[in-house]
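Next input, structure requested:
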Amino acid sequence: MIIVGGATATGKSTLAIELAKRIGGELISADSMQIYRGMDIGTAKEKNVAVNQLLIDVVEPNEPFTVVDFKERATEAIKDIRSRGKVPIIVGGTGLYMDSLLYKMEYGGGKDNPELKAQLQSELEEKGAEYMHARLKELDPVSAEKYHYNNMVRVLRALFVVLNTGKPISSQSAEFAPVEPVTMFITKRERSVLRERISLRIEQMFNEGLEEEVKALLDKGYDFELQSMQGIGYKEWKGYFKGEMTLDEVKEQIDINTRQYAKRQDTWFNNRYKDIARFVDMDSNDIQKIVDDLVKEHKSILK
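From the prediction side, this is the model:
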């Protein structure tokens with residue numbers, strides 16, 4: 001298995017694409033926001049690239065999607081890619097998605113219960129994220145402490161588990177040994193460089209029509225209570241469309257939130273995968289030289 005991870009704006013997608021072209025690979029997105037259709041600019045999707053990409057645009061913004069759903073779809077995608085003689089390359093910044101493929105994890109969800117899933121989603125749409133988080137606090141205070149109400153994917157998952165099985169998800173167990181040999185590359189940038197790249201990316205998003213994209217989602221009936229609309233690049237627009245914020249204030253808030261998120265991602269990758277990953281300095285402008293080195297390393301591991 002090849003995994004390319006890293007914080008936002010570190011260049012992981014560019015690296016994964018070049019690596020895929022070199023070794024005959026196809027990409028599987030491990031990004032909890034790029035799964036949503038119609039949310040392209042704010043999630044920095046790279047479309048029309050030279051390699052095939054899977055698990056992008058798989059659900060509507062109002063559809064629930066959990067790490068369990070990701071694991072099921074990604075596992076099938078890996079089998080499909082390998083059956084065609086290609087190399088699957090998982091790429092993204094959602095560490096929990098990567099964990100689901102790397103390790104044996106018990107999600108404790110019990111049998112599938114679509115009625116309960118639909119009920120929870122209906123409650124979320126009717127009563128909002130804070131109500132759902134308060135409900136989780138009553139049933140599983142450990143998970144409620146861990147998951148902010150903005151992280152509604154995990155809040156709903158934790159509620160589903162405790163209601164479906166009678167046992168909190170906080171008691172789930174995991175075996176932290178990779179399920180198969182893995183070549184893992186984590187992209188890194190010097191902090192000042194990363195801040196500049198984030199600011200340039202946000203400027204580009206605004207130039208490409210991020211405001212119009214958000215308005216189109218609202219026009220379709222999607223609101224800011226949805227988990228998809230809680231993502232960075234979207235949730236910051238709530239005040240603007242209520243007439244309470246300027247465009248410059250929205251842009252500044254997206255910049256702040258993105259930098260904070262990148263820092264959290266960096267901490268996760270540094271601590272979680274330090275024993276199995278190769279950390280790649282992306283500040284070198286010679287991307288082909290970087291790819292040459294990674295291909296050699298991957299081949300040496302295969303031997």
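
Name the SS class of the residue lying closest to Asp223 once chain neighbours are set aside, please.
The shortest distance from Asp223 to any residue other than its chain neighbours is 6.7 Å, reached at Met229 (Cβ to Cβ, 6 or more residues apart in numbering). C-beta coordinates here come from the backbone N, C-alpha and C atoms, glycine included. Secondary structure state of Met229, per DSSP: H, G, I helix; E, B strand; the rest coil, is helix.

so Met229 makes contact with Asn62?
No: in this structure, Met229 sits apart from Asn62 without contact. The criterion is Cβ atoms under 8 Å, and the distance is 9.2 Å.

Which one's more surrounded, the two?
Set side by side, Met229 and Asn62 show more neighbours around Met229, with 23 against 18, by other Cβ atoms under 10 Å.

From Arg73, how far out is the more buried one?
Distance check for Met229 against Arg73: by Cβ to Cβ, to the nearest Å, it reads 22 Å.

low pLDDT regions in the stretch 151-300 of the chain?
Counting by pLDDT under 70, the stretch 151-300 of the chain shows low-confidence ranges at 172-176, 285.

ok, which stretches of it are helices?
Across the stretch 151-300 of the chain, reading from the start of the chain, the helices by DSSP state H, counting those that start in this stretch fall at 152-165, 191-208, 210-219, 238-241, 247-272, 287-302.

Can you say which of the ones you listed is packed in most?
Highest mean neighbour count among these (mean count of other Cβ atoms under 10 Å): helix 152-165, with a mean of 22.

what does that one rub up against?
For helix 152-165, the external contacting residues (Cβ atoms under 8 Å, 6 or more residues apart in numbering) are 32, 64-68, 107-111, 113, 116-117, 120-121, 124, 129, 132-133, 135-136, 139-140, 143-144, 146-147, 149, 167-170, 172, 226-227, 230.

So which of these are in helices?
Of those, the ones assigned to helices by DSSP state H are 67-68, 116-117, 120-121, 124, 129, 132-133, 135-136, 139, 143-144, 146.

Who wins on neighbours among the residues you listed?
Leu136 (27 neighbours).

Alright, I will stop here.
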